[in-house]
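Asks: From the sequence below, what's the structure:
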Amino acid sequence: MEFLLLFSLLVLLAATYLGGGSARRPQSARSQSPGGGSSPAPSETTAPFWVSISPKVMAVAPGNSVWLNCSSSCPLLENSTLHTGLQRGQKLSGPSWVSFQLLDVRTWSSDVHCFLTCAGVTRGATAKINAYKGPHSVILEPPVLEGSKHTLRCHVTHVFPVGFLVVTLRHGGRVIYSESLERFTGLDLANVTLTYAFRARPDDLGQLVTCHAHLNLDGLVVRSSSAPMAPAFLDWSSESKALVSTSIAALVGILLAVGAACLRKYLLMQSRA
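Replies: Numbering: from 1, shown residues only. Model (predicted):
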């Protein structure tokens, strides 16, 4: 009797245990169900892409036109924009690239920003365009002696931008004059003439004069120089020539008078002997 009671109790406990496990199992299944909302599926992320611009730095003569190419690793671009103060021309494009034309570049230094959009993400790249022209020629006229000073005249031709130009005159190893032309803001090629008069020192005799022009373009220096010239110590003015002629004539007269006096004295001594 006691054995049957114990056996019935064990059967009841086993049924209760099995029934509870089956009740918990659906709850666990609901927590893993995508419709339950407690464990959402991970969202898709946009793959990164790069943008490059070519060329990154370009130097052109003022007034020229240039092309810039913006390319990316995006297989299909959604949009493209260009930020610049320069005049725009044509635009060409492909699935992953865009080319822009810039016309009549006359600004010394310009930053150009290209922006491309891929899958809702926009990235950009920057290029720099420098417009300049080193001096076509630097010509120093032969120095002219006017009175006690030499007049120097130096011509710098077809240069841009003039506002970055510095013209220097050298006599031998020393700088006798230097001028920065920052006041000039024109956007065209220009010719510059510098005139300067200086008084030569005694130790300057035989020293050559040169004219030097250089563009200092924020670290980029373009230099050009003239052929050396000898100061015109013998290229006197008409007043100087007249003075020299008078001095020579006076000197010759004095020498002739002294010579004549010596000759008379010699002849007189000879006659007395």
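Asks: Domain ranges for the protein, per the record?
Replies: By the assignment in automatic domain parsing, the chain contains the domains 51-131, 137-225.
Asks: Of those, which is nearest Gln270?
Replies: When those are compared by Cβ to Cβ, domain 137-225 sits nearest Gln270, at 47.2 Å. C-betas here are computed from N, CA, C, even on glycine.
Asks: State the pLDDT value of the residue lying closest to Thr117 once chain neighbours are set aside.
Replies: Counting by Cβ to Cβ, 6 or more residues apart in numbering, the nearest residue to Thr117 once its immediate chain neighbours are dropped is Asn79, at 4.0 Å. What the model reports as pLDDT for Asn79 is 94.
Asks: try Lys241
Replies: On the pLDDT scale, Lys241 gets 53.
Asks: Could you look up the SS state of Pro135?
Replies: Following DSSP: H, G, I helix; E, B strand; the rest coil, Pro135 is assigned to coil.
Asks: Tell me, how many residues neighbour it?
Replies: A total of 24 residues lie near Pro135 under the criterion other Cβ atoms under 10 Å.
Asks: give me phi/psi at it?
Replies: Backbone geometry at Pro135, expressed as degrees, to the nearest 10, gives phi -50, psi 130.
Asks: Distance check, Val138 against Thr151.
Replies: 18 Å (Cβ to Cβ, to the nearest Å).
Asks: okay, those two: which has more neighbours?
Replies: When Val138 and Thr151 are compared for neighbours, Val138 comes out ahead with 23 against 15, by other Cβ under 10 Å.
Asks: all strands for the stretch 1-150 of the chain, in order.
Replies: Using DSSP state E, counting those that start in this stretch, the strands of the stretch 1-150 of the chain run over 51-54, 57-60, 66-72, 79-83, 87-93, 97-103, 109-118, 121-131, 137-140, 144-146, 149-159.
Asks: can you redo those as CSV with distance to His212?
Replies: Shown next, in CSV, are these (distance: least, Cβ to Cβ, whole Å):
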stretch, distance to His212
strand 51-54, 36
strand 57-60, 22
strand 66-72, 31
strand 79-83, 39
strand 87-93, 35
strand 97-103, 33
strand 109-118, 24
strand 121-131, 22
strand 137-140, 7
strand 144-146, 20
strand 149-159, 9
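Asks: bridging residues for Ala190?
Replies: Val159 (DSSP bridges).
Asks: what's around it, how many residues?
Replies: Ala190 has 18 neighbours, counted by other Cβ under 10 Å.
Asks: I'd guessed it sits against Gly163; true?
Replies: No - when contacts are counted by Cβ atoms under 8 Å, Ala190 is not listed as touching Gly163 (10.0 Å).
Asks: what do the two both touch?
Replies: Phe184 (Cβ atoms under 8 Å, 6 or more residues apart in numbering).
Asks: ok so, going back, for the domains of the chain, which has the smallest mean pLDDT value?
Replies: domain 137-225 (a mean of 89).
Asks: Just the helices from the protein, written as ranges.
Replies: Using DSSP state H, the helices of the chain run over 2-32, 238-272.
Asks: All set, thanks.
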